[in-house]
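Q: Test case, fold it:
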Amino acid sequence: MRKFLLGVAALATAATATPAFAQQSSYKLGPLWTAARIDVDDGQYENYMDWLMKVWADNQAFAKSQGWILDYHILDSVNPRDGEPDLILITRFADFPSAQEIDRRNAIMNERMKQDDHSADAASGKRNEMRRQMGSVLYRELVKR
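A: Numbering: from 1, shown residues only. Here you go, the predicted model:
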């Protein structure tokens, strides 16, 4: 009978300890990554790369210096298949900013670029002569605990 009671006690202890152990995840949520997919029009690769290197990369470097983003990359798809992008623009950031913070950052960037929301929108439309935006993907990095 004593072995039976010890067995029941051990089973009860294991049953109550397991949920607490199971709740501890082996990972935690890390930074976010956006991957913008860009299809560059024929004959516009050098023009678009000029804009990326002079304007986009400069603005990303500024955003990084402000602590708004963690990193950024321009990836070239070496052998894109039909329907795949020529370039992927990666931006890595710690977390989502609030709507108020987005407005604040946009105001700073507009002042920095000597533009307003209307002229920024027009400039984006003008770049459609060089490229087609194929959408973007948002990823969340999972980090080992």
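
Q: Might you report the residue contacts of the residue most central in space within the chain?
A: Nearest to the geometric centre of the chain sits Trp33, at 1.9 Å (C-alpha atoms, centre = their mean). Shown in contact with Trp33 (C-beta atoms under 8 Å, 6 or more residues apart in numbering): 90-92, 138-141. All C-beta spots, glycine's among them, are computed from the backbone N, C-alpha and C.

Q: any chance you could map the strands in the protein?
A: Using DSSP state E, the strands found in the chain span residues 27-40, 71-76, 87-93, 131-144.

Q: Dump those strands to JSON lines, plus mean pLDDT.
A: Below are those laid out as JSON lines (pLDDT from 0 to 100):
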{"stretch": "strand 27-40", "mean pLDDT": "98"}
{"stretch": "strand 71-76", "mean pLDDT": "98"}
{"stretch": "strand 87-93", "mean pLDDT": "98"}
{"stretch": "strand 131-144", "mean pLDDT": "97"}
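
Q: wait, which of the ones you listed is closest to Lys64?
A: Across the strands of the chain, Lys64 has its closest neighbour in strand 71-76 (6.9 Å, C-beta to C-beta).

Q: That closest one pairs with which strands?
A: Next to strand 71-76 in the sheet, as set by DSSP bridges, lie strand 87-93 (antiparallel).

Q: Show me what counts as buried in the partner strand.
A: Buried residues in strand 87-93, counted by 16 or more other C-beta atoms under 10 Å: 87-89, 91-93.

Q: Also stretch 107-116?
A: Residues Met109 are the ones in stretch 107-116 that count as buried (16+ other C-beta under 10 Å).
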